[in-house]
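Student: got a predicted structure plus its sequence, pasted below:
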Amino acid sequence: MKVLDFGSLNYDYVYNVDHMLLPGETQASTGMETFCGGKGLNQAMALAKAGVPVYLAGSIGEEGQLFLDICKENQVNTELLRQIPGKSGHTIIQIDKNAQNSILLFGGANRSQSREYIDEVLAHFEEGDVILLQNEINELPYICQKAYEKKMTIVLNPSPFDSALDACDMSKVSIFLLNEIEGAQIAGGSKEPEEILALMKEKFPKAQVVLTLGGDGAIYQNNETGEKVAQPCIPVQAVDTTAAGDTFTGYFIAGLLKDMPKADTMRMCAVASAIAVSRKGATASIPSVDEVEAKL
Ligand code: RIB
């Protein structure tokens, strides 16, 4: 069984600010660093650091060598990644004094997936393989459809949530990992976790759902069997929350593939993402499985 993460890679330009910029305001930042990120890359990195072999597919631009280097260092398979003319994706991230972030996204190469390339990538996979998707690349509905036709298990992190997801037939998704804002948008209801979970169950009766709630922890729900696990958040001194959700996602899939009990998986995810928020950067903040086990 193989795992494919078909997603985005971004250079994250991270600025430390007192507060998020207001309309018309100019503010001097107190620090600036560049990191490798993008939800696709972060989640592939989390899977690899959790000990799961993973293929990362997606598109990078002419200045994308650093992505290839970092993947190689962390045993993320890049055979299916492609480098194309033009710019890679990038973000401008503000981190305020409370460690909260806001992200401005430039899609770049992430928005250049062609159907021909997608077909080439998917030709390497078969029934029972897992595909992990987020919403930072174009052609998501096509990828979903083709992966479903191949009977792959589709895992979706519908982030960032926007109208592109409307074209995606989410009934094909086996596992959703989402936060309460995305949950409310998909379920079309309130931000109340129990209501989101009830609506998700109604809409996707066969799916599994992981709802992350920031400081309020996370809840796992298997809509088919009724199994439910609530995991409190592990308190840490937050430095940068970027990629906390991506870390949770990668570690959750790792727990699933290792057939771990859900309560153990959720605790492992909470520890991994707590470590991630206590560090700067996206991929740079994701802990290895040894660091997570040491904390557990
Ligand atoms: O989820 C965090 C990621 O979102 C960042 O690394 C940034 O690139 C954006 O894609």
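Tutor: Structure received. Numbers count the residues shown, from 1 in each chain.
Student: isn't there a strand covering Asp12?
Tutor: Yes: assessed with DSSP: H, G, I helix; E, B strand; the rest coil, Asp12 lies in a strand.
Student: bridging residues for the nearest residue to it once chain neighbours are set aside?
Tutor: Spatial nearest neighbour of Asp12, excluding adjacent residues (C-beta to C-beta, 6 or more residues apart in numbering): Gly37 at 3.9 Å. Every C-beta, even on glycine, is put in place using the N, C-alpha and C of the backbone. Taking DSSP bridges, one obtains Asn10 as the residues bridged to Gly37.
Student: quick one, what contacts Gly37?
Tutor: 9-12, 91, 242-243, 281-283 (C-beta atoms under 8 Å, 6 or more residues apart in numbering).
Student: pairing partners for the residue nearest to Ser174 when sequence neighbours are not counted in the sheet, please.
Tutor: Leaving aside its sequence neighbours, Ser174 sits nearest to Thr153 (C-beta to C-beta, 6+ apart; 4.9 Å). Beta bridges link Thr153 to Val130 when assigned by DSSP bridges.
Student: and Thr153, how many neighbours?
Tutor: 19 (other C-beta atoms under 10 Å).
Student: need the pLDDT of it.
Tutor: In this model, Thr153 is scored at 98, pLDDT.
Student: OK, contacts around it?
Tutor: Residues near Thr153 by C-beta under 8 Å, 6+ apart: 128-131, 174-175.
Student: my read: Arg82 touches Gly61, true?
Tutor: No: using C-beta atoms under 8 Å as the test, Arg82 is too far from Gly61 to be in contact (10.5 Å).
Student: compare the two (neighbour count), which wins?
Tutor: Neighbours were counted for Arg82 and for Gly61 using other C-beta under 10 Å; Gly61 has more, 20 against 17.
Student: right, is stretch 20-33 up against the ligand?
Tutor: No: Stretch 20-33 lies out of reach of the ligand by C-beta under 6 Å from any ligand atom, never closer than 12.5 Å.
Student: hmm, who's touching that stretch?
Tutor: 13-19, 94, 96, 100, 102, 280-281.
Student: what is the mean pLDDT for that stretch?
Tutor: Here the average pLDDT along stretch 20-33 is 96.
Student: quick thing: my sequence starts at 7, can you match it?
Tutor: Taking 7 as the first residue, the last one we looked at is stretch 26-39.
Student: nearest residue to the middle of the protein?
Tutor: Centroid check for the chain by C-alpha atoms, centre = their mean gives Asp252 as the closest residue, at 3.7 Å.
Student: secondary structure element for that one, which one?
Tutor: Following DSSP states H and E, one finds Asp252 within helix 250-263.
Student: likewise Met274?
Tutor: Going by DSSP H and E, Met274 is in helix 268-283.
Student: ok and the residue in the stretch 57-206 of the chain nearest the ligand?
Tutor: Nearest residue of the stretch 57-206 of the chain to the ligand: Thr97, at 4.3 Å (C-beta to the nearest ligand atom).
Student: any idea how far that residue is from Gly287?
Tutor: 12 Å (C-beta to C-beta, to the nearest Å).
Student: then Tyr148?
Tutor: 32 Å.
Student: could you check which of these two has the larger neighbour count?
Tutor: Gly287 (21 against 16).
Student: which residues does the more buried one contact?
Tutor: 18, 20, 39, 41, 43, 246, 248-249.
Student: quick one: name the residues of this protein near the ligand.
Tutor: 14, 16, 18, 43-45, 48, 97, 109, 142, 248-249, 251-252, 288.
Student: that older thread, neighbour-wise, which one of the contacts of Gly43 leads?
Tutor: Busiest of the contacts of Gly43 [other C-beta under 10 Å] is Leu15, holding 33 neighbours.
Student: my read: it touches Leu47, true?
Tutor: Yes: Leu15 lies in contact with Leu47 (C-beta under 8 Å); the separation is 4.4 Å.
Student: could you name every residue contacting both of these two?
Tutor: 62, 64, 73.
Student: which members of those are positioned in strands?
Tutor: Leu62 (DSSP state E).
Student: got the shared contacts of Leu15 and Leu47 as CSV, with neighbour count, pLDDT and distance to Lys55 columns?
Tutor: As requested, the shared contacts of Leu15 and Leu47 are exported to CSV (neighbours: other C-beta atoms under 10 Å; pLDDT from 0 to 100; distance: C-beta to C-beta, whole Å):
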residue, neighbour count, pLDDT, distance to Lys55
Leu62, 27, 98, 13
Gly64, 29, 98, 18
Phe73, 27, 98, 16
